[in-house]
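> no sequence on this one, just coordinates:
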């Protein structure tokens, strides 16, 4: 694929990774991803915004060669993570005059991660600008979106925000722009849920910060460019600021069928009470789908049998994940079955200290559910429905 022209003197020179299916050996990538890098040619200076995953360095270098780029004056390092900085050493080797422009924290990280010599850096303050001649770059510090050193770059004359990981999506596509907004919305929501949601308080501040700028294009470091910036800005505003919705997320696992029977009864009872349920069997679930569902859910109900007196290990993982992602969930409960006893409720309740939630009365029973157990599940469903009414 050739470089993609955005405007005169502005090009996408990144790489599309069609085959990658796991990020950080943790995050599923059902739609692949892209590593976006951008070349900006001013009348006096040329800047490269970010690089690409080291395994795809040849693609970036080839695109620059196709554009006959003889000199790069600045490499803007918005973020030190290797999928953005991994080709930095090769770029600096080919362009010995180039300076790495980044935040002071990013400098320290790039020295450690990519062994960039300290004399190659130009650190910038929040709001500082850098002239390329007829074009001006403005740097916006955005710490904890999603690492502590992150910044965004705003091209003033062209009103383009290079947003780094902020507002991005893991999506491999031949489309330069977000034309299929339904497809991009789902990919961006998955990306937000898995990567940005733990930092929602910082996201709020940075949404307000970037809205002070007039923006015609948002060019993230993953996924397509937004030529309708309000599309992704409105989506983020909803995910971050809106109250949780009338949704129960129910991750569960069942070893011998008792917990499954309880879960199925509870799902029916919730539906009868007008509550939407998103059910996830943890033996087969894509954790990315579970993460997406947590963005909007008012309640999480965890379903588990006991294993050696505690929750099933896959349920422990799901609880740990929910705690790490810090959704805006308001209520949590637990249902399940045990054979001879245990500390499952205490264990799971103790695993979610990051969640500001009310714990509703659990329904944990011995053996197969009986008539009184089904009544308890009906009571739990009614209690959840009533709690959700108060959110409206």
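On my side now, so go ahead. All of these numbers come straight from a predicted model, not from anything done at the bench.

> any weak-confidence spans in the protein?
Residue ranges of the chain with pLDDT under 70: 392.

> where do the helices sit along it?
Secondary structure of the chain, counting by DSSP state H: helices at 57-66, 82-85, 88-94, 104-114, 181-191, 200-210, 229-241, 258-272, 287-294, 313-325, 344-349, 371-389.

> can I see the domain layout of this structure?
According to automatic domain parsing, the chain is divided into the following domains: 4-241, 248-385.

> Straight-line length of the longest one, end to end?
Taking Cα to Cα, to the nearest Å, domain 4-241 runs 35 Å from one end to the other.

> Same check on the shortest one?
Distance across domain 248-385, first residue to last, is 10 Å (Cα to Cα).

> Identify all contacting residues around stretch 368-378.
Applying Cβ atoms under 8 Å, 6 or more residues apart in numbering, the set of residues contacting stretch 368-378 from outside is 257, 258, 261, 262, 265, 266, 269, 335, 337, 363, 365. Placement of C-beta: from N, CA and C, glycine included.

> just how off-centre is it within its chain?
Taking the mean of its C-alpha atoms, stretch 368-378 sits 38 Å from the chain's own mean (Cα atoms, centre = their mean, to the nearest Å).

> In that stretch, which residues are buried?
Using 16 or more other Cβ atoms under 10 Å as the burial criterion, the residues of stretch 368-378 that qualify are 369, 373, 374, 376, 377, 378.

> what do you get for stretch 296-311?
Burial within stretch 296-311, assessed by neighbour count using 16+ other Cβ under 10 Å, is assigned to 296-307, 310-311.

> can those go into CSV with extra columns for distance to residue 86?
As requested, those are arranged in CSV below (distance: Cβ to Cβ, whole Å):
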residue, distance to residue 86
296, 34
297, 35
298, 40
299, 41
300, 36
301, 41
302, 38
303, 41
304, 40
305, 43
306, 44
307, 40
310, 40
311, 38
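
> In strands only, show me these.
Secondary structure of the buried residues of stretch 296-311 is defined by DSSP state E; positions in strands are 297-307, 310-311.

> and which of those is nearest to residue 341?
Ranked by distance to residue 341 (Cβ to Cβ), these are led by residue 306 at 7.8 Å.

> got the contact list for that closest one?
Residue 306 neighbours (Cβ under 8 Å, 6+ apart): 312, 336, 337, 338, 339, 341, 342, 344.

> Pairing partners for it in the sheet, please.
When bridges are assigned using DSSP bridges, the partners listed for residue 306 are residue 311.

> What count of nearby residues applies to residue 361?
When counting by other Cβ atoms under 10 Å, one arrives at 11 neighbours for residue 361.
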